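Q: with the input below, show me the fold.
(2 chains)
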Amino acid sequence: MLRAHGANARKIFDLIWTFGAVAVTTWLLVMLVLAMALFRRHLAEASRSPLQIDSDQESRLIRAVGIATAATVVVLIALTIGSFFAGKSIASLSGSETVIVRVTGHQWWWEIRYPKIDSSHAIVTANEIHIPVGESVKVKLDSLDVIHSFWVPSLAGKRDLIPGRPSELSLIADKPGIYRGQCAEFCGYQHAHMAITVVAESRKAFDAWRSRQDSDAVTPIADEERRGQAAFLGTGCALCHAIRGTLASGTVGPDLTHVGGRRSLAADTLAMTPGALAAWIADPQSIKPGAKMPRIALSADDLNAVATYLGSLE
Amino acid sequence: MSGIRQKKAERIQEGGPKGIRDTSIDEARLRAFLAHAWQTPKGLYGWLATVDHKLIGRRYVVTAFLFFIFAGLSALAMRFQLAAPEAGRIGPDLYNQLFTMHGTTMMFLFAVPVMEAFAVYLVPLMIGTRNVAFPRLNAFSYWIYVSGGMMIWIAFAFNTGADAGWFSYVPLAGPDYGIGKRPDFWAQMVTYTEVSALAVAVEIIATVFKQRAPGMTLDRIPLYVWSVLVTAFVILFAMPAVMVSSTMLILDRLVATKFFDSAAGGDVLLWQHLFWFFGHPEVYIIFIPATGFVSAILPTFVRRPVFGYLGIVLSLIAIGFLSFGLWVHHMFATGLPQLGESFFTASSMMIAIPSGIQIFCWIATIWGGKPIFATPLLFVLGFIFTFVIGGLTGVMVASVPLDLQVHDTYFVVAHFHYVLVGGAVFPLLGAVYYWFPKVTGRLLSERLGHWNFWFIFVGFNLTFFPMHILGLQGMPRRVYTYPLESGWGSVNLFISLSSLVLFAGFALFFLNMLLSLRNGHLAGDNPWGASTLEWAATSPPPSYNFPHLPVVTHRDPLWAEPDTLPVIEGLRVDAREVVGGTVADAVPQLRVPSADNSIWPLLSAIAVGGTFFASIYTPWAVVWGAIPVSIGFICWFWPKGEPEDEE
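A: Numbers count the residues shown, from 1 in each chain, chains lettered A, B, ... in the order given. From the prediction side, this is the model:
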């Protein structure tokens, strides 16, 4: 959040600096006065009874404490008002969204859906959101298991995904880029590996991405890919994962129709490379202990074939 | 047991029907009689049956510090894992248990109990009486506390440590996602510790209201005692919320009630409201007594009374009230209506006003005095330095939009460690240095004390300050690891290394206590030249605290009357009696019998604790457990013809 790239995040960023400056100033003042109190020349002689109090000094101290208290009240009121208006102006960002994204939290990945618009189908993907730059995007949040929290620091503050209580958030990205987000509410074993990627791109690139996602998975051509598809459908993979255009239609795990086109794997645990795909399929539990994906017994050749096939699904 | 009762019978006979009064005998016999009446029998039985507030307070403190060590070592293990990105030293299963046990232990088994423990020890001495009201309840509360704490740590040793965070959010801790019996142990541990906390709160309120030394009007109560009184009321209203919610959690898990099941019409947010309705006051339950330590230590080492007594008392009461209006600031990210959130922003900021007033009054006290830089004062100064930072970051997280960024990041971890370690543990360590000579008769080493302070002060700031930056860079809390590309590795390594300095500081602290217990300089009654009544007792105080109960004529009695205190006469010396007075003006009204030693608090605690434990496994435990629990309580309260039953 030290690098704000969206209107929502930028407003908060300004607020952090304002509050931070007030805090640092206040702390320095308090420390200064404390140091003066400790090291000033103390006139009282050591033999004096602790109960002998200089009444002139006492009334000066009363005045000083009174002024400090009044200043505290004024500063706090100012900060409260500033915070209120920052909140209001962030709230005013919503209402003009051109894109809607539904995000559903799962232990430990993000299911992403773009609802059907006009000609195109609804899109289902995982762990990666694409948005057009400069346009307001409505993110609708829900969870089906435990509480998660959607947080892309560079773009906006966080919002919890609470089972039974759908909520929403508005995002705007000022410039193209790849913004990392992460689950911010403790959600069990792999809370640490539940990241999300937001790709902000031009409207043209976004539309192109969208229409690519809209299509079914490519039909495998090479032998290796065909063997991979057969292994995928023939072992347990298809029970949990869907690949549109094939018989695989599981809904427990992420949709893999265009998995090869994503930037990362297992909620941003690994970068998307052929080697990482094979390693992940071979032994998910040592890479992401506790993840819901079991280890499936595959021969070395089948394993490589499945990885090649999935990698080809761009 | 029969031996003891026999002795008592002789004693009562010897005293005749009306007993021996302190007016009718000389000083030496008076002390002998009192020592006999208030004694704790030697041996194991005496150790288990004692109701002496000093023995119970002392063991409460020692136990709390043992739990502190366990929780501290868990933190060190976490820092070992976090020292490098994607480190594989501690896996997520153990890590989640570690951070849950760290938070749970620090909050429920260290911070709250240690503050209560000091109150149990100090309050009767500071207000000039011989024991707390309800001494057996006091013993019971200790046994319940220690059994709850042992239970959750033994469960941890068997890989059943709680792992859903110290806040145990549902559904993660609920019947569908909670792992094994882990959340059940957590929930029952809460029940144990809250029972014991409520018991102490009741004792403190009754003791402070009814047993103050004659003449100790409301405006002469030492500020520390005011602080624990306010805390006791906060406990009384806050703790039931968490007991209710943890019981609902257990019911959801054990008998499939649906309090928190959104699919069945329950609500997962209900948990958060109930938990934080307790959880925020909890912070003040820890912090308010710590401010009491500061108000007790500061005047002694700057040689003048605290500036703004009335202002500080009113601030304490205001903090107590306001602490109940802040809980939603833990829930800003759940998305409440903006107007409602603004209310909680305003109240969260508001609480900075009474806290600020206290800081200003302490600085004014220093200004008007002449500081002596002994270890307790160093800790108080360290407290002001760090707590003001924690308070100011607290103002930051009170702002809804700001909180939406920093919530659940390391910024918040830094913030509340500044508040809880800087704001509560520093004064607590100062308090240990300050009252150790009263409790043990020996002073802690000042030389080690200075080293101890600087290690902890520097180690603490080096460990926790960089966490503000990590949080602003986006590192979330409660993650067992973080990616290499995040660039958080070097700061985390720095933090992990700094935590070793902090660890060394605490090692010095415990070393100093162990060494000084044997070799420390003898303290005498009032080594610091302090002003409050506990320093009129010998060090360590005898079982009966004071041979004659003092009468108070001034807010700083030992400064106002440095040579001899006036005393009240007419109490029995052959049986346990204390003076009961009016709430506002402490006008003595009657002689109140005080309960004698009894084994039944322990046996009742075993019955209650066993019932709680068994109810983790079966709801029938509540039915069958009711039998031994009833037997325990009946025997505890059975009239035995003892002095306290006569009137």
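Q: flag the shaky bits of chain A, pLDDT-wise.
A: For chain A, the stretches with pLDDT under 70 are A:1-2, A:42-47, A:119.
Q: in it, what residue spans correspond to helices?
A: Here chain A has its helices, by DSSP state H, at A:7-39, A:55-91, A:203-214, A:223-234, A:237-240, A:274-282, A:284-287, A:300-312.
Q: tell me which of those helices sits nearest to residue A:161.
A: Closest approach to residue A:161 among the helices of chain A is made by helix A:7-39 (17.5 Å; Cβ to Cβ). For every residue, glycine as well, the C-beta is placed using N, CA and C.
Q: what helices or strands is the closest one leaning on?
A: The helices and strands touching helix A:7-39, judged by 3 or more Cβ pairs under 8 Å, 6 or more residues apart in numbering or on different chains; DSSP states H and E, are helix A:55-91, helix B:352-367, helix B:375-398, helix B:400-406.
Q: pick the most deeply packed of the ones you listed.
A: Mean neighbour count, computed with mean count of other Cβ atoms under 10 Å in any protein chain shown, is highest for helix B:400-406 among the helices and strands packed on helix A:7-39, reaching a mean of 27.
Q: next SSE downstream of it?
A: helix B:410-417 (DSSP states H and E).
Q: who touches that following helix?
A: Helix B:410-417 is contacted from outside by B:283, B:390, B:393-394, B:396-397, B:406, B:460, B:464-468, B:470-472, B:475-477, using Cβ atoms under 8 Å, 6 or more residues apart in numbering or on different chains.
Q: could you pull out the strands for chain B?
A: For chain B, strands defined by DSSP state E occupy the ranges B:549-550, B:567-568, B:577-581, B:588-593.
Q: for residue A:127, find the nearest of these.
A: Nearest of these (Cβ to Cβ): strand B:577-581, 67.7 Å.
Q: for that closest one, buried residues please.
A: B:577, B:578, B:579, B:580, B:581 (16 or more other Cβ atoms under 10 Å in any protein chain shown).
Q: in those, find the pair that's most separated.
A: Largest separation among those by Cβ to Cβ: B:577 and B:581, giving 13.4 Å.
Q: which residues touch residue B:604?
A: Under the criterion of Cβ under 8 Å, 6+ apart, the neighbours of residue B:604 are B:140, B:629, B:632, B:633, B:636.
Q: go on, residue B:197?
A: Residue B:197 makes contacts with B:112, B:113, B:116, B:141, B:145, B:235, B:239, as judged by Cβ under 8 Å, 6+ apart.
Q: who's in contact with residue 149?
A: No chain specified, so I'll use chain A. For residue A:149, the contacting residues are A:158, A:159, A:160, A:161, A:183, A:184, A:185, B:333, B:408, by Cβ under 8 Å, 6+ apart.
Q: try chain B instead
A: Contacts for residue B:149 were tallied using Cβ under 8 Å, 6+ apart; they are B:63, B:67, B:105, B:109, B:189, B:192, B:193.
Q: just these now: which is nearest chain A?
A: Closest approach between those and chain A, by Cβ to the nearest Cβ: residue B:105, at 17.4 Å.
Q: in TSV: the buried residues of strand B:577-581, plus pLDDT and distance to residue A:144.
A: Formatted as TSV, the buried residues of strand B:577-581 follow (pLDDT from 0 to 100; distance: Cβ to Cβ, whole Å):
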residue	pLDDT	distance to residue A:144
B:577	91	65
B:578	93	61
B:579	93	64
B:580	93	60
B:581	93	62
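Q: now tabulate these in CSV and tack on distance to residue A:207.
A: Formatted as CSV, the buried residues of strand B:577-581 follow (distance: Cβ to Cβ, whole Å):
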residue, distance to residue A:207
B:577, 89
B:578, 83
B:579, 86
B:580, 83
B:581, 82
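Q: the residues you listed also near chain A: which ones?
A: The subset of the buried residues of strand B:577-581 within reach of chain A, by Cβ under 8 Å from any Cβ of the partner chain, is empty.
Q: residue B:308: which of the helices and strands packed on helix A:7-39 is closest?
A: Proximity to residue B:308 (Cβ to Cβ) singles out helix B:352-367 among those, at 3.9 Å.
Q: what's the angle between the closest one and helix A:55-91?
A: Going by axes from the mean of the first three to the mean of the last three Cα atoms, to 10 degrees, helix B:352-367 is angled at 150 degrees with respect to helix A:55-91.
Q: helix B:352-367 vs helix A:7-39, what angle?
A: Using the same axes, to 10 degrees: helix B:352-367 against helix A:7-39 is 20 degrees.
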